[in-house]
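**Student:** need a structure here:
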Amino acid sequence: MNQPDITDKRLSRLLDFWVEKRGTRPLPERSDFDPVRLKPWLGNLALIEVGDGGQYRYRLYGTNFVFRFGVEMTGRTLDDLPPEQSATIRQDYDAVVERAWPLCRRYTSSFDIIDLNRRLDSQRLETWERLVLPLANGGRTVAMLMVAAYHIPDAPS
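**Tutor:** Have a look, this model is predicted:
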């Protein structure tokens, strides 16, 4: 399969790291990734456990996401997101699990803006680039997704 098209250099470096860790295997293992080596991406990184029946549970939700979106998703499931957002993300996650191959896409969506008192202030359109990387747990089956995303501030909405 071809590598996904990526414009953000941080995501390109993460994909290169994934390819390095994969080596000649179909998929790298979650245990291949030392948190110290992931430090450049941690604030913009999520680790999602792939469960039975299409269940996705956030095991790590980057601090930059928490700050930007005003919600901590660690321990929560994809179904805890607003339905439209959940459906869009689920399509990408399902595709990566099915193909066992990375996916990168740029998307524009409406996001809640949370004020300093953590109340919904308004909504804004933002463009992000998201890379979804499959990870195994002792085999060829996707057991976890490593997801990194970065806001593209100057993108037309």
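**Student:** point out where the protein drops to low pLDDT.
**Tutor:** Across the chain, the ranges flagged by pLDDT under 70 are 1-4, 110-123, 155-157.
**Student:** can you pull out the helices in it?
**Tutor:** Under the criterion DSSP state H, helices of the chain are mapped to 9-22, 63-69, 83-99.
**Student:** can I get the ones you listed in JSON lines with mean neighbour count and distance to A148?
**Tutor:** Heads up, the C-betas are built off the backbone N, CA and C, glycines and all. Listed next are the helices of the chain as JSON lines, based on neighbours: other Cβ atoms under 10 Å; distance: least, Cβ to Cβ, whole Å:
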{"stretch": "helix 9-22", "mean neighbour count": "16", "distance to A148": "5"}
{"stretch": "helix 63-69", "mean neighbour count": "16", "distance to A148": "10"}
{"stretch": "helix 83-99", "mean neighbour count": "14", "distance to A148": "13"}
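**Student:** Throw these into TSV and include distance to R130, thanks.
**Tutor:** Listed next are the helices of the chain as TSV, based on distance: least, Cβ to Cβ, whole Å:
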stretch	distance to R130
helix 9-22	8
helix 63-69	11
helix 83-99	7
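**Student:** L125 and F69, how far apart?
**Tutor:** Distance, L125 to F69, using Cβ to Cβ, to the nearest Å: 14 Å.
**Student:** cool, F17 as well?
**Tutor:** Taken as Cβ to Cβ, the span from F17 to F69 is 25 Å.
**Student:** can you map out the strands along this protein?
**Tutor:** Secondary structure of the chain by DSSP state E: the strands cover 45-50, 56-61, 103-114, 120-136, 142-151.
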